[in-house]
Every structure is written in C-alpha cells, then in structure tokens.
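Enquirer: With the sequence up front, the predicted model follows.
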Amino acid sequence: MSEVARTPAQIEAEITRRRQDLAATLDELAIRVHPVTIARDTKAKAVSALDSTVGQAYVAAHRALTRARAEFVTEDGSPRPERIVPAAVAAVVLIGVVAGLSARRRRR
C-alpha cells in the first residue's frame, strides 16, 4: 500500500486542529470536575430524587385516604354509622390503653 505524502502545510494544519480539539476537551473536563459544577449536579440530582419521593408519597397517601374514606362514607357522601361507631370505640379504647400504660410507667 502506498501512503499519500502530505505537505508540511497539511501536517501543520492537522497538528493545529488536534491541538484545538485537545484544548476543547481539556476545557470540558475542567468544567466537569470543577467543585461548583459537581455541587450543582449533586444538588440537581438530590432535588430530583426528593421530588420523585415526595410525589410517590403524595400518591400513596391520597390513595390510602381515599380507601379509608370509602370505608366510612357511602358513594353519595352519607356517613356509615355501622362502621364509624366501632372504629370510634376502638380508637377510644386504644387511647385509653396507651394513656394507662403511660401513667403506669411514670409511677415507676
């Protein structure tokens, strides 16, 4: 295979182009590893993760509240006493037990 001979001007132009490419690459690397850039990227990732987590928590909470409401209210919006009264009694008993245990602990 014969290689095409390049003129000194072509070689010099190639060297200049490669030098410019290398300088651009070094500039890009300097920006990527700069502490401000790293901090900004890290903050953006954290905010994005937090937004996603908060969004998922909101959806889960809304779904749970909708299910709970459906247990105690009919579709037309009227309360269901047959479910509300036992739940209220259970809540009062639970609060009484917790208060009793708490008072018992304080006496010791």
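Expert: Received the coordinates, thanks.
Enquirer: pLDDT (mean, whole number) over the helix ranked longest in the chain?
Expert: Secondary structure of the chain read by DSSP state H shows that its longest helix is helix 35-72. In this model, helix 35-72 has a mean pLDDT of 94.
Enquirer: what angle separates the helix or strand that it is followed by from helix 35-72?
Expert: On the C-terminal side of helix 35-72, the closest following helix or strand by DSSP states H and E is helix 81-107. Per axes from the mean of the first three to the mean of the last three C-alpha atoms, to 10 degrees, the angle that helix 81-107 makes with helix 35-72 is 120 degrees.
Enquirer: Quick one: distance of helix 81-107 to the chain centre.
Expert: Distance of helix 81-107 from the chain centroid (C-alpha atoms, centre = their mean, to the nearest Å) equals 37 Å.
Enquirer: in that helix, what's buried?
Expert: Buried residues in helix 81-107, counted by 16 or more other C-beta atoms under 10 Å: none are found. (Each C-beta comes from the backbone N, C-alpha and C, glycine too.)
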